[in-house]
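Peer 1: Only the shape, not the letters, is given here:
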């Protein structure tokens, strides 16, 4: 089983496709900055290291998608 991490996600950002979700692209681009801020705040107050890493992976994935489609 492959473990996803922030580095792997950002290195493979070029492989992310949003073609089938083109209608959602604008909505994602509008919402991502606020969602990212909320996730970063949540990551800052969470004490569980596993949850912190999980949130970091979600942020990295969101940034990768945003850099590709926004």
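Peer 2: Yes, it's here. Note that this is a predicted model, so its numbers are computed, not measured.
Peer 1: so where is this structure shaky, pLDDT-wise?
Peer 2: Within the chain, the stretches with pLDDT under 70 are 1-6, 9-10, 13-24.
Peer 1: how about a cut-off of 50?
Peer 2: 1 (pLDDT under 50).
Peer 1: ok, now how distant is residue 65 from residue 41?
Peer 2: When distance is defined by C-beta to C-beta, to the nearest Å, residue 65 is 20 Å away from residue 41. C-beta: built from backbone N, CA, C; applies to glycine.
Peer 1: Those two: who's more crowded?
Peer 2: Shown here are residue 65 and residue 41; by other C-beta atoms under 10 Å, residue 65 has more neighbours (20 against 10).
Peer 1: how close does that one sit to residue 46?
Peer 2: Taking C-beta to C-beta, one finds residue 65 at 23 Å from residue 46.
Peer 1: longest helix of the chain?
Peer 2: Looking across the chain with DSSP state H, the single longest helix is helix 22-45.
Peer 1: The spatially most central residue of the chain: what's it in contact with?
Peer 2: Computing the C-alpha centroid of the chain and ranking residues by C-alpha atoms, centre = their mean puts residue 62 first, at 2.1 Å. Residue 62 is in contact with 32, 35, 36, 39, counting by C-beta atoms under 8 Å, 6 or more residues apart in numbering.
Peer 1: Just the buried ones among those residues, please.
Peer 2: Listed as buried from the contacts of residue 62 are 32, 39; burial here means 16 or more other C-beta atoms under 10 Å.
Peer 1: Could you check how far residue 68 is from residue 12?
Peer 2: Taken as C-beta to C-beta, the span from residue 68 to residue 12 is 10 Å.
Peer 1: more crowded one of the two?
Peer 2: residue 68 (14 against 11).
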